[in-house]
Each structure stands twice: as structure tokens, then as C-alpha cells.
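Peer 1: Sharing a model that was predicted from the sequence below.
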Amino acid sequence: MTEPAAERPAGPGPGTIWGIARRHRLLLGSGVLLGVVGVASTLAQPVIVSDLIEAAGAGEAVAFLIVLLGALLLADAALSATQGYLIGRAGENIVRDSRTFLTGRVLRADLAAYQARRQGDVHTRLVSDTSLVKIALSQSLAQIIVNGLVVIGCVVMMAWIDIWLLLIALGCIGVASAVSLWLARRLRVAAVRNREDTGDFGADLHRVLGALTTVKAARAEDREQHRIGLLTERARDSGIRVTAYASVLTPTMNVGLQASLAAVVGAGMARAATGSLGLADFTAFVMYLFYLVSPLVLVFMSIGAYQQGRAAMARVDELVHLPQEDGPATAPEPAAGPDPLTGTAPPAVEFRAVRFGYGEDGRDVLDGVSFAVPPRGLTALVGPSGAGKTTAFQLIERFYRPRGGAVLVDGRDIATLPLSAVRGRVGYVQQDSAAMRGTLRENITYAAPDATEAELWDAVEMAGLGQVVADLPEGLDTVLGDGGTGLSGGQRQRVCIARALLQRPAVMLLDEATSHLDSDTEAALREVLARVAERCAVIAIAHRISTVVDAGHIVVLEDGRVRDRGTHPELMARDALYRRLATTQLVADTAPAAGRQDPAGRVQ
Ligand SMILES: Nc1ncnc2c1ncn2[C@@H]1O[C@H](COP(=O)(O)OP(=O)(O)OP(=O)(O)O)[C@@H](O)[C@H]1O
């Protein structure tokens, strides 16, 4: 199978999250700059206090120094608030950009690569890992830089006042810092584990909630609760390890700082008593030591938060590298016009010796399939379960690429067409009739949001939905629940037909509902199909006898190969498998319309 091309992210490049953060460097830089100015104002305060003590002792005027000190305190507060706002804003921008970018990557991901992942884990990476990335890249980094500068500034000022006292202080703090750095490394390992455990929990929750009715019907609530309980237990255990390291980190620093404070006060007092250190200098030194305390603790806390964020960042970056659906390898072939000899248009869809299997090494699910579908009318695909019918549809939509051969739409190889051009020409009505939460109108105009009201009503009528809409109190503005709940299965399928019709496709792919429909719905759908088939090519995976009877052309698939082709009477006469399918597998009509044929091909 052709390798999905775009392994490279189309965004800001490798280490994408850093790339996104770089886009907001102005805001981040301004925040950090204000923080640095704040640091200067913080560091100036003990010097002024020291001057104040000396001036007061000498009986000089102190009013100016008091005003200056007050102004610095206020400026410090204002700078810190603005800095917090700017950094917070940059953080929100980073999380918005990474979520938008990641959502695009996931929406355009190669289907096979996406399906190989657990959807809940993808969800967790998009929602909660991006939040941790935000904290790491904005708050934590800014805290590390700004508070790191306070620490450096304090150390420099303390060295300037008294180098011996500083050495005593650093002795105690140094031991605590070494222990803290070791703890921070352990914290990162625990954080990586915790992110993985949280992803496992999200993935399993997603699996269960996506099949809630199955869980209930199987009375599996207790089993599932227990199973998910084990995963939450694992996430709790690794979360506790993270908390344990994070909790020890701060007190370790505190112990070091308190020890250094006690040592400095003891040694300083002794020096002050002998007169080798002035009271003003001693006060300023102790103030710097106090100023050092919380920034140093914050630096270590931020290192801890940054380490947790790095674990999340690696997970987010991994998602960025999800292989993407690739565009055409070559320029599009010109549209094939009518055959110059016969004047006939090219087939709406053509399979030429198509070979396909899921995954790299999977067996061939389609093996040399060839058939053509005329530009108008109904073509039915029939075959035993697992024969490859849905797979054939998915290749027409180019959800996957064939290993060999070619799929043509309107006479052009779809491998040479842009994806949007292929999917714009093909309307796909799936068997489970994928309706979404939202109004009926939003559901129907989903593939053609710019459709006019007249076009919308035309599609509604053509899909046989006119009466359904008229009976709803809110009409087209009726809100459907998740998966289109609020409508019956048959109605949901007609909503999907209307959606497909509104995009004016050249080919309509219809995977018929397997469930038995009541006679009215059956007759309505039959009429809809006949009307749509006058407008474009309709290919139906047939699960009802009426569809094959109405079809102008039937393709019988068996084990990934075309077994036979023809009309219903022809196939009934010559193909044993088809006869068996028609009489046993296809759902019989509840009320066959007059003039239709019975399963044996006889006109009634
Ligand atoms: N996503 C997938 N990954 C791997 N194998 C798949 C996948 N989808 C389908 N298959 C396999 O491909 C084969 C053909 O499946 P397909 O759904 O096309 O059959 P079908 O003819 O539509 O069957 P049915 O009538 O039961 O819907 C089956 O053997 C199936 O197990």
C-alpha cells in the first residue's frame, strides 16, 4: 500500500510545541522583562532600608527614602500583576494554538494511522496534556527565569555586603538544592508515568461511553466500572508518586533556607557584637536572605511543574507527527469527456484491478476487483458478509489507498485528484447513518454549508423527509442528540441522504440499513432511490431484495473478488451464490410495489 506521505507536520516544524510557543515570544518576553524590572525594584529595597537605618541613626532626613521605598513596593506589586497577566495570556494563546493545530492534524490524519490509536488517548492529549504544556511553557518558564534572576541578584548583593556570611548561607542552601534537583528528576519520571496512566484511563472511558447501550444491554456496568476503577487506581498511584516528590521538593528547600537563616543570624549577630559587621549591613543581608527564600522555592517548584509539562509536551508532539492524508502525487488528469466514437460519458465509478488490504501486512481484502458503474441509475453491490463491499466504498471515498490498480471517478484516477474534489463528487450514506448532535438543518447542510434555502428544501423533499420535518414542532430547527437520537433509524438515513444530495454528487454511495423497515418507510426509501438514481449514479450495498430488483446492474462480490455481474433475473438464472443471497440473506419487502419482481426474477 502507498505510504501516507506527510510524516512531517505541516505546521511549525519539529518540536512543534516549541515552535508554537516561539510565536508568542513577544508577549512572553514582555512578561519576563517586566519581571526583570520587578526584580530590580525588589533588590533595591534592602539597600534603601539599610540607608534608612543609617540615615535615622545619623539623625538625617528620611522622608525621601520612605517615599522611595513606598513607590518601589507599589511598583513591585504593579509589575508583578502585569507580568502575571502577560504570561498567563501568552499561556492561553499557546494552548489555543496548539489545540487548533492539533485538531487540524487529527481531522486530516490518515485514517489507518488514526484508527491504530486509542481515540480516548488522543482526546486526553488534546484536552489535558495541552493544558500542562501551557503551564510548562508560560508560567513555569517565566517563574524559573524571573525568580532565578531574583535569586542571582540576591546572591550578588549578599556577596557585596559580606562574602563570609554568604558562604555560610550557600553551604546550607547548596545541600538542599542538590537534593531538590535529584527530586525534580525523579518527579519527571513519575510525571511521564502519570500522563500515560491518565491517557489509558481516558482511552478506556471513551471506549465504554461510545458503546454505552451495549454495556447496559450486556449488564456489564459493574465489570466496566471495576476495569476502569483499576485504571483510575493506577493513575492515582502514579499521581501520588508525583505529589510525593513535589511535596518533598519545597520543604527540602525550606529546611535548607531555614538552616542557612539560623546560621547567618547566629554568625551575623556574633560579628555585629564584635563590630566587624554594621547593623545596617546585617539587616540588609538578612532581608536579602528573606527575599531569596520564596523565589528559590518557586524556582524549584517551577522546575517540578516544567518537568511535568515536558512529559505532556512529548505526548502532544507525538500526536503532531500523526501521518496525514496526502494530496495528489501528480497534477490532476483532465476530466474524461464523452467517448468520441460512441458519445457515451465515462463511467461514474470504475474499479480497475483494485487490490487492497488493511495495514501494512494485512491480507488482501479486495483482490483484483474490476467493475464499472454507469453515470445514472442504480447499481447494487451484493455479497456475503466480509466480502469487501464496505471496503470498496471506502476506497471510492479515498479513505484508504489501493495497493494496486486504480479507482476512477468520472473517468479520472482519484489518486491524481485533490481529496476535496474526490469527496465533493461522492456522497456517502453510511449504514449507521452518521447524524450528529445539532439541529436537523445543521445536519443536512453539513457537507454544503452554503446551500440556499431552496436547495435545502429540494434535498429534503427528494429524500422523502418533507412530512417528517412538517410533523416536528421545531421543523428543521429541531435539535438532535448525539448520533442523531430523536429520529428513527429510517429517518436518520433519509437525513443522511438529504445531506449527500445537497452536495450534488456525481455518485451516491448508500450502505442500506440491515434492519427491517416498515412497509411505508420501505416504499418511501425505494421512491427516494429511484428519484436520486435519475440524477446521478447510485451504488447501494444491498440488504433488501427490492434494491436488487430495482437495480439496473448488480455486482456480486465474494472473498474480495467480483464473482458475477448482471441484472437480477440473469443472476437468479445462473449464479448459485446470488440465488442463495437473494432468497435467504436479503431482507424481503414488506409490501412489494405493483409491477415489481419476486426474488426469483418473475414479474408479479
Ligand atoms: N478497519 C479494518 N481493519 C482491518 N480489517 C478490516 C477493517 N475493516 C474491515 N476489515 C476486514 O475486511 C474484510 C471486508 O470487510 P467489509 O466491511 O468490507 O465487508 P462487507 O462485505 O462490507 O461486510 P458486511 O456485509 O458484513 O458489512 C473483512 O474480513 C473485515 O474483517
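Peer 2: Received the coordinates, thanks.

Peer 1: who touches the lowest-mean-pLDDT helix or strand in the chain?
Peer 2: Least confident helix or strand of the chain, by mean pLDDT, DSSP states H and E, is helix 519-535 with a mean of 78. For helix 519-535, contacts defined as CB atoms under 8 Å, 6 or more residues apart in numbering pick out 376-378, 462-464, 488, 490, 493-494, 497, 501, 508, 510, 517, 538, 540, 544, 546-547, 550, 589-591, 593. Every residue, glycine included, has its C-beta placed from N, CA and C.

Peer 1: Just the C-alphas of it, formatted as CSV.
Peer 2: Coordinates of each C-alpha in helix 519-535 appear next as CSV, following Å, rounded to 0.1, in the frame of the first residue of the first chain:
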residue,chain,number,x,y,z
SER,A,519,-43.7,-1.0,4.6
ASP,A,520,-44.2,2.8,4.5
THR,A,521,-40.6,3.5,5.1
GLU,A,522,-39.5,0.8,2.7
ALA,A,523,-41.7,2.2,-0.1
ALA,A,524,-40.6,5.8,0.7
LEU,A,525,-36.9,4.8,0.5
ARG,A,526,-37.5,2.9,-2.7
GLU,A,527,-39.0,6.0,-4.3
VAL,A,528,-36.2,8.2,-3.0
LEU,A,529,-33.6,5.9,-4.5
ALA,A,530,-35.4,5.9,-7.9
ARG,A,531,-35.5,9.7,-7.9
VAL,A,532,-31.9,10.1,-6.9
ALA,A,533,-30.8,7.5,-9.5
GLU,A,534,-32.3,9.7,-12.2
ARG,A,535,-30.0,12.5,-11.1
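
Peer 1: and the angle from the following helix or strand past it to helix 519-535?
Peer 2: Counting by DSSP states H and E, the next helix or strand C-terminal to helix 519-535 is strand 537-541. Per axes from the mean of the first three to the mean of the last three CA atoms, to 10 degrees, the angle that strand 537-541 makes with helix 519-535 is 140 degrees.

Peer 1: What strands flank strand 537-541, and is each parallel or antiparallel?
Peer 2: Sheet pairing of strand 537-541 (DSSP bridges) gives strand 377-382 (parallel), strand 507-511 (parallel).

Peer 1: So which of those strands is nearest Gly424?
Peer 2: Minimum separation from Gly424 across the strands paired with strand 537-541 (CB to CB) falls at strand 507-511, 10.8 Å.

Peer 1: From the chain's centroid, how far away is the closest one?
Peer 2: Relative to the centre of its chain, strand 507-511 is centred 28 Å away, using CA atoms, centre = their mean, to the nearest Å.

Peer 1: Contacts for it next, please.
Peer 2: Taking contacts as CB under 8 Å, 6+ apart, the residues outside strand 507-511 that touch it are 348-349, 373, 389-390, 393, 396-397, 409, 425-431, 497, 500-501, 529, 532, 536-541.

Peer 1: Could you list which of the residues you listed also contact the ligand?
Peer 2: 389-390 (CB under 6 Å from any ligand atom).

Peer 1: Show me what from the stretch 101-250 of the chain comes close to the ligand.
Peer 2: Residues of the stretch 101-250 of the chain lying close to the ligand (CB under 6 Å from any ligand atom) are Gln115.

Peer 1: Now do the helices in the stretch 101-250 of the chain.
Peer 2: Assigned by DSSP state H, counting those that start in this stretch, the helices in the stretch 101-250 of the chain fall at 111-115, 119-124, 130-135, 141-161, 163-209, 212-217, 221-274.

Peer 1: Just the angle for the last one relative to helix 163-209, thanks.
Peer 2: Per the same axes, to 10 degrees, the angle that helix 221-274 makes with helix 163-209 is 170 degrees.

Peer 1: in this protein, which ranges drop under the pLDDT threshold?
Peer 2: Flagging of the chain using pLDDT under 70 yields the residue ranges 1-15, 327-343, 433, 513-521, 585-604.

Peer 1: got the residues of it near the ligand?
Peer 2: So far as CB under 6 Å from any ligand atom goes, the chain lies against the ligand at 115, 358, 365, 383, 385-391.

Peer 1: check contacts around the residue nearest to Gly38 when sequence neighbours are not counted.
Peer 2: Spatial nearest neighbour of Gly38, excluding adjacent residues (CB to CB, 6 or more residues apart in numbering): Leu79 at 3.7 Å. Applying CB under 8 Å, 6+ apart, we find Leu79 in contact with 34-35, 37-38, 41.

Peer 1: Just the buried ones among those residues, please.
Peer 2: Buried residues within the contacts of Leu79, defined by neighbour count using 16 or more other CB atoms under 10 Å: 34-35, 38, 41.

Peer 1: about what we covered before: okay, and which of the contacts of strand 507-511 map to helices?
Peer 2: Taking DSSP state H as the definition of helices, the contacts of strand 507-511 contribute 389-390, 393, 396, 425, 497, 500-501, 529, 532.

Peer 1: Would you mind giving these as TSV with neighbour count and distance to Ala21 added?
Peer 2: TSV is the format used below for the ones in helices among the contacts of strand 507-511 (neighbours: other CB atoms under 10 Å; distance: CB to CB, whole Å):
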residue	neighbour count	distance to Ala21
Lys389	23	48
Thr390	16	43
Phe393	21	42
Ile396	23	42
Arg425	21	41
Ile497	26	46
Ala500	28	42
Leu501	27	46
Leu529	21	54
Val532	22	51
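
Peer 1: hmm, which two among these are most spread apart?
Peer 2: For these, the maximum inter-member distance is 21.9 Å, found between Lys389 and Leu501 (CB to CB).

Peer 1: that older thread, and the buried ones among the residues of the chain next to the ligand, selectable in PyMOL?
Peer 2: The following PyMOL line selects those of the residues of the chain next to the ligand that are buried, judged by 16+ other CB under 10 Å:
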select buried, resi 365+383+387+388+389+390+391
